[in-house]
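Participant: Have a look; sequence and predicted model below, questions after that.
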Amino acid sequence: MDTKNKKRTPMKIIGIAIDCDNADVLADFYAQMLCWTKTFSGNGVAVISSPEHPSLLVFQAVENYQKPVWPWERDKQSQMMHFDFFVEDLDEAVEHAKACGAVISEVQFFKEGCVTMFDPAGHPFCLSTVWEEELYVNYLLALKKKESIFNENTEQFSIPGVGGIIIKIIDDAEHILLQTRCKSNAPCEDGLLEIPSGKIRAFESIFDALKREIKEETGLEVTEIFGEDELSVYEGDKYKVINFMPFSCSQNIVGDYPIMVFVFICRVTGDLLPFSDESKNYKWASISEIKTLLTETPEVFYPMHTDTLKKYINYKYQ
């Protein structure tokens, strides 16, 4: 049926439904701020209505509600909508909203004429002195542009790290130093087996970083890093660039920790610390023991190091 030119009864918006964790709390907030009337409450739903025109705001409580993050962040719950309220006196309106329970956002994209705030459920809304449609559309376009610039500046990047497969001959057999990972802020990683590793500081040579991390975590002094003698250095145009070849490189591409680790084979001297802030239970494990663990219970290893150790065993003994 051709409905393009057919006359029909125009649609009208009667209400907007908003998810939240507590319908009554949010309904009371907007009713107080807008001087609207709460007309219904029950079964996790609350409704407020305007005394001047037939408009409704509906608030519905949902399980496992997550407050939106604004400005948006990658892999976080972002806003799906926001309210823009016209006000004649911006300072007065901001103080009124605060008295009702709103909070001012730490991030503001406009120096004047608009203030971004959060309601009790975490939804952002704006108080603005802009009313005319053309000016309002220009305001929305400017807001979108400012959000894009902000997001570019807060984009998350991979974190470079360096690790060492520390080898030692014990009773004519090669062993590798393993340690237990201590991460109270990451319980799923706490207690996993790992090789010494850590993040690279800005403008720190990757080899200096490896020596520093091993010293800090184990107390051992690095005497040899395989491949360090083959690095090349280029200097020019305010750059000093080193080119190197690690034994292995691993990158995490999901989850909360965007780490990538360059791993080198190395030798050390000195005595092990009893423990450190990030590691404990140091152990020189034989190649056969590590191979058995990797085969039978790979989950006991820190995922960033699992395939690196497999690669070393295959490289060395197959």
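Facilitator: On my side now, so go ahead.
Participant: mind checking which helix or strand Glu92 is in?
Facilitator: For Glu92, the host element (DSSP states H and E) is helix 90-100.
Participant: Tell me the first helix or strand C-terminal of the worst-scoring helix or strand of the chain on mean pLDDT.
Facilitator: Across the helices and strands of the chain, mean confidence by mean pLDDT, DSSP states H and E is lowest for helix 133-153: a mean of 62. Heading C-terminal from helix 133-153, the first helix or strand you meet, by DSSP H and E, is strand 159-170.
Participant: got a list of contacts for that following strand?
Facilitator: 174-177, 195-200, 206, 209-210, 213-214, 218, 220, 222, 225, 247, 257-268, 284, 286, 304-305, 308-309, 312 (C-beta atoms under 8 Å, 6 or more residues apart in numbering). The C-beta positions use only the backbone N, C-alpha and C, and glycine is treated the same way.
Participant: Pull up the pairing partners for the helix or strand that it is followed by, direction included.
Facilitator: Using DSSP H and E, the next helix or strand after strand 159-170 towards the C-terminus is strand 173-181. If you go by DSSP bridges, strand 173-181 pairs up with strand 159-170 (antiparallel), strand 193-194 (antiparallel), strand 279-286 (antiparallel).
Participant: most tightly surrounded among the ones you listed?
Facilitator: strand 193-194 (a mean of 22; mean count of other C-beta atoms under 10 Å).
Participant: Could you give the average pLDDT over the next helix or strand after that strand?
Facilitator: Next in sequence after strand 193-194, counting helices and strands by DSSP H and E, comes strand 197-199. Across strand 197-199, pLDDT averages out at 94.
Participant: cool, stretch 35-51 as well?
Facilitator: Averaging pLDDT residue by residue across stretch 35-51 gives 90.
Participant: can you list the domain ranges for the protein.
Facilitator: Here the domain parsing of the chain from automatic domain parsing is 15-65, 67-156, 159-317.
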